[in-house]
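Give me a 3D structure for the following:
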Amino acid sequence: MSNLEIYLAIAVMAVVNYFTRVLPFLFFKNKDLPSYLVFVGEKFPAIIMTILVVYSIKDIDFANELYGLKEILSIVFTALLHIYLKNYLVSIFLGTIFYMFLVQL
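Numbering: from 1, shown residues only. The predicted structure follows:
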């Protein structure tokens, strides 16, 4: 595979990705969104956060003394950040940094 083919593949993927992001805005230019889209927009971030929390603690062995402490502290830290800041992106980002800090200790 030549470099040109690789660059073309990247360009095609970038264009397709861009249009999948822009297309919903082209269909719903006015503010009258269907009720199911409003529901998804309001509830989806919390659902994703719940899935991430469950996935992050599913393999932890809580029978041992300190196992899971880093994960639980990170979850609590992230939840407190979100309650204070009310911003999913910042909460996830800073919570991940806090977890990585704990893992390195």
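
low pLDDT regions in the protein?
Low-confidence segments of the chain, defined by pLDDT under 70, are located at 29-31, 65.

where exactly do the helices run in it?
Taking DSSP state H as the test, the helices found in the chain are 3-27, 35-57, 69-85, 88-104.

centre of the chain versus the first one, how much separation?
It stands for helix 3-27. Mean C-alpha position of helix 3-27 versus that of the full chain (C-alpha atoms, centre = their mean, to the nearest Å) differs by 21 Å.

who touches that helix?
With C-beta atoms under 8 Å, 6 or more residues apart in numbering as the contact definition, helix 3-27 has no outside contacts at all. For every residue, glycine as well, the C-beta is placed using N, CA and C.

next one: phi and psi at the most far-flung residue of the chain relative to its centre?
Residue farthest from the centre of the chain, counting by C-alpha atoms, centre = their mean, is Ser2 at 34.4 Å. Taking degrees, to the nearest 10, you get phi -80, psi 170 for the backbone angles of Ser2.

how close does it get to Leu105?
Noted for Ser2: a distance of 47 Å to Leu105, by C-beta to C-beta, to the nearest Å.

try Ala79
Ala79 is 21 Å from Leu105, where distance means C-beta to C-beta.

which of these two has more neighbours?
Neighbours per residue (other C-beta atoms under 10 Å) separate Ala79 from Leu105, with Ala79 holding more: 14 against 5.

Identify the residues contacting the more buried one.
Ala79 makes contact with Ser91 under the criterion C-beta under 8 Å, 6+ apart.

Over to Ile97?
Under the criterion of C-beta under 8 Å, 6+ apart, Ile97 has no neighbours.
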